[in-house]
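Colleague: sequence and predicted structure below; questions after.
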Amino acid sequence: MSETLGLFNYWMVVVLMMSGLYVVIAQHNLVKKLVGLSLFQTSIFVFYISMGKVDDGFVPIVTEGVSQYSNPLPHVLILTAIVVGVATLSVGLALAVRIRESYGSVEERDLDTADGVEPTEVGDA
Amino acid sequence: MTLAQQLPMIVVILPLLASPLCVIAGNGGRAKLLMLLVVWICTAISVQLLSQVVDSGPIDYQFGGWEPPWGIAYHLDLLSVFVLLLVCGISALVLSGGHKIPQEVTEDKVSYFCALILLALSGFFGIILTADAFNLFVFLEISSLASYALISMGKDRRALRAAFQYLIMGSIGASFILVGIGFLYMMTGTLNMQDMSERLPALTDTSTVRAGFAFFIVGIGLKLALFPLHFWLPNAYTFAPAIISALLAGTATKVAVYMLLRVTLGIFGINFALEQMPLDRLLLILGGSGVLFASMMAVMEDNVKRLLAYSSVAQLGYMAMALGLASAAGVTAAMLHLFNHALMKSALFLAIVPVVIHVGGFHLHHLRGLGRTMPWTMAAFSLAGLSLIGVPLTAGFVSKWYLLSSALEQHLWALVVLILIGSLMALIYMWKMLEEIYFKQPENPNAAAAEAPIQLLIPLWILVAANIYFGIDTDLTVGLAEQATQALLGAHP
């Protein structure tokens, strides 16, 4: 029963992860790159959360008459990873703000022109 | 439990706790003193831990007395304390050199600067000691986030872009490692590395484990700046404050190499990682092309810091190749080169610090004639450069020799030729710099380019002396590396 439903989560993880990665590579706006990075990281959170599901498992709170519980550990782990993701995003945004302050733009093409490099050389991170 | 038993925890916690204290201590030099004190204490602890492990075997530390798999554990074997001592020692020396001479960061940011350095170090120590795969990810992110901020503190505004580029690449790398950990947890149901390595051999036929392995390798490859995933490194090292380039060149990539050794050999085991999976050929090919490509870039470069950064990429290529040989001799060579390269590259970058401060730049023409105005600094630079080329009686020769002989053992003649070509190219790019230093007239003879302060010369010459000492007396490093290899491979006969 849960075969398709369980796999559906993982398919969505793949779709989200690849869209995120594509945005990071294809976009030339630093803030949009960070949006892509967040999407990419969020897909991993979904991956971990789906992983904790045990077939016919119950909410992991000790209850009478229940012997099969879902695994709470991946959820705990992913709480930490969410914090890490927020920290990464904020450091990234802070850098974007500083870049805008000193260059006046967050578009990679403008930055390349300002640094006097060929736009293809530094190109996509 | 006595205090001595808590040392593995203290070495990680101390910099972490001292970091906010640095911010509180303010900018009046107290923050710097606190940082130096903490780093030297950590070095002393790591010496103590190394002697404990050599005397009485690996140490297992359990947090709060909770046994794994419930609790988080640290596992200290010979490899981890060896790398811990290296990272502690290098950072203590480099940071002592950066003490008191005018930093490239503005005075009101010094306390944050020190706090970030301590955070980065705490992350490195955590990666080295932990036996828990998820902990590895968390510490990796602690050290990476601190490094991004440190790199962005360079004076040039391009430092910001370099840091941003590193942030994007580094976060993708760390996320890949996180996915890899997830796959392994799905299959093994544990996060403890030892438990994982025990349960994995039965599961190696599943595509989940293979996918997890691939994610791990790509993620670590990004952090390691393994060719062709190295694009962030030259920019980051070029625009970071000079002292940070010296610090990161000796520590960050070395910790990444340690992660590669720990994950491929410690978790997956040599049979799976290098024989069943094609990682050995992959590392040989990528490492080899990295050596050629990065050396070529270094030969053509005239920005000294970027030149040294490309040379780092090339040297990391040697380490990847050594691991790709998939033999005990190869792994030993990789460890030796990890140790020796940290010594020589941090010495080279540290010698550039006074050039940046007194001459005001780090292009080739800034080095012109410095052999006369800064004789001691430049003599140290030249000696470390000789070690980089691999001249006999220097540390660089020892590790290249071990790499060559382990390649000869398997009759890989192409590899032997490649190592020799790489060394030849190292000779060319070092010669380019030495020529400017010793055989050109100073650009502006009246400029008061003075000798570096003694506070910098002492740590610099200690590093150079180590380069020479470990080139002559090889028993200590080779012995340790061989024992560490045996311990690492012995777990998976």
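Modeller: Done, it's in.
Colleague: CA atoms for contacts and neighbours, from now on please.
Modeller: Will do.
Colleague: for residue 27, which non-adjacent residue is spatially closest?
Modeller: You didn't say which chain, so I picked chain A. When the adjacent residues along the chain are set aside, residue A:27 lies closest to residue A:33, with 6.0 Å between them (CA to CA, 6 or more residues apart in numbering or on different chains).
Colleague: my bad, the chain I had in mind was chain B
Modeller: Nearest one to residue B:27, counting by CA to CA, 6+ apart, is residue B:111 at 5.2 Å.
Colleague: try residue B:398
Modeller: Distances taken as CA to CA, 6+ apart put residue B:471 closest to residue B:398, at 6.0 Å, once the chain neighbours are dropped.
Colleague: the residue nearest to residue A:27 and residue A:77, how far apart?
Modeller: Here the criterion is CA to CA, to the nearest Å. By it, residue A:33 lies 26 Å from residue A:77.
Colleague: buried ones in the helix ranked longest in chain A?
Modeller: Assignment by DSSP state H gives helix A:73-103 as the longest helix of chain A. By neighbour count, and taking 16 or more other CA atoms under 10 Å in any protein chain shown as the criterion, the buried residues in helix A:73-103 are A:74-75, A:77-78, A:81, A:84-85, A:88-89, A:91-93, A:95-99, A:103.
Colleague: which element, helix or strand, includes the residue nearest to residue A:27?
Modeller: helix A:30-51 (DSSP states H and E).
Colleague: and for that helix, what's in contact with it?
Modeller: Contacts made with helix A:30-51 from outside it, assessed by CA atoms under 8 Å, 6 or more residues apart in numbering or on different chains, are listed as A:6, A:9-10, A:12-14, A:16-25, A:27, A:74-75, A:78, A:81-82, A:85, A:89, A:92-93, A:96, A:106-108, B:168, B:171-172, B:175, B:178-179, B:182, B:186.
Colleague: got it, and stretch B:392-407?
Modeller: When contacts are defined by CA under 8 Å, 6+ apart, stretch B:392-407 is touched by residues B:322, B:325, B:327, B:329-330, B:332-334, B:336-337, B:340-341, B:344, B:386-391, B:413, B:415-416, B:419, B:467-472, B:474.
Colleague: which of the residues you listed are buried?
Modeller: Among these, those classed as buried by 16+ other CA under 10 Å are B:322, B:325, B:327, B:329-330, B:332-334, B:336-337, B:340-341, B:344, B:386-391, B:415-416, B:419, B:467-468, B:470-471, B:474.
Colleague: mean confidence for the helix or strand where residue B:343 lies?
Modeller: Assessed by DSSP H and E, residue B:343 sits inside helix B:328-354. This predicted structure assigns helix B:328-354 an average pLDDT of 88.
Colleague: what helix or strand is the residue in chain B that chain A sits nearest to located in?
Modeller: Among all residues of chain B, residue B:165 sits closest to chain A, at 5.4 Å; criterion: CA to the nearest CA. Secondary structure from DSSP H and E places residue B:165 in helix B:158-188.
Colleague: next, the angle from that helix to helix A:30-51.
Modeller: Relative orientation of helix B:158-188 with respect to helix A:30-51: 10 degrees, computed using axes from the mean of the first three to the mean of the last three CA atoms, to 10 degrees.
Colleague: tell me what helix B:158-188 is packed against?
Modeller: When contacts are defined as 3 or more CA pairs under 8 Å, 6 or more residues apart in numbering or on different chains; DSSP states H and E, helix B:158-188 sits against helix A:30-51, helix A:73-103, helix B:133-151, helix B:193-199, helix B:207-224, helix B:232-239.
Colleague: helices or strands up against the last one?
Modeller: What that stands for is helix B:232-239. Where contact means 3+ CA pairs under 8 Å, 6+ apart, helix B:232-239 is packed against helix B:133-151, helix B:158-188, helix B:242-261, helix B:304-324.
Colleague: of these, which is nearest residue B:70?
Modeller: Closest approach to residue B:70 among the helices and strands packed on helix B:232-239 (CA to CA): helix B:133-151, 13.2 Å.
Colleague: contacts for that closest one?
Modeller: Contacts made with helix B:133-151 from outside it, assessed by CA under 8 Å, 6+ apart, are listed as A:77, A:80-81, A:84, A:87-88, A:91, B:113, B:116-117, B:119-124, B:126-127, B:130, B:159-160, B:162-164, B:166-167, B:170, B:174, B:177-178, B:181, B:191-193, B:236-237, B:239-241, B:244.
Colleague: filter those residues to the buried ones?
Modeller: Neighbour counting by 16+ other CA under 10 Å classes A:77, A:81, A:84, A:88, A:91, B:113, B:116-117, B:119-124, B:126-127, B:130, B:159-160, B:162-164, B:166-167, B:170, B:174, B:177-178, B:181, B:191-193, B:236-237, B:239-241, B:244 among the contacts of helix B:133-151 as buried.
Colleague: where does pLDDT dip in the chain?
Modeller: Answering for chain A, as no chain was given. Low-confidence segments of chain A, defined by pLDDT under 70: A:1-6, A:117-125.
Colleague: ah, I was thinking of chain B
Modeller: The low-confidence ranges in chain B, as defined by pLDDT under 70, are B:1, B:28, B:99-104, B:443-449, B:491-493.
Colleague: enumerate the residues of it near chain A.
Modeller: Counting by CA under 8 Å from any CA of the partner chain, the residues of chain B lying close to chain A are B:134, B:138, B:141, B:145, B:149, B:152, B:157-158, B:160-161, B:163-169, B:171-172, B:175, B:178-179, B:182, B:186, B:231-232.
Colleague: name the next helix or strand downstream of the helix holding residue B:343, please.
Modeller: Sequence-wise, the next helix or strand downstream of helix B:328-354 (DSSP H and E) is helix B:370-373.
Colleague: elements contacting that following helix?
Modeller: Under the contact rule (3+ CA pairs under 8 Å, 6+ apart), helix B:370-373 is packed against helix B:375-389, helix B:413-439.
Colleague: for the ones you listed, which one ends up most surrounded?
Modeller: helix B:375-389 (a mean of 24; mean count of other CA atoms under 10 Å in any protein chain shown).
Colleague: after it, next one along is what?
Modeller: Tracing the chain past helix B:375-389, the next element assigned as helix or strand by DSSP H and E is helix B:395-409.
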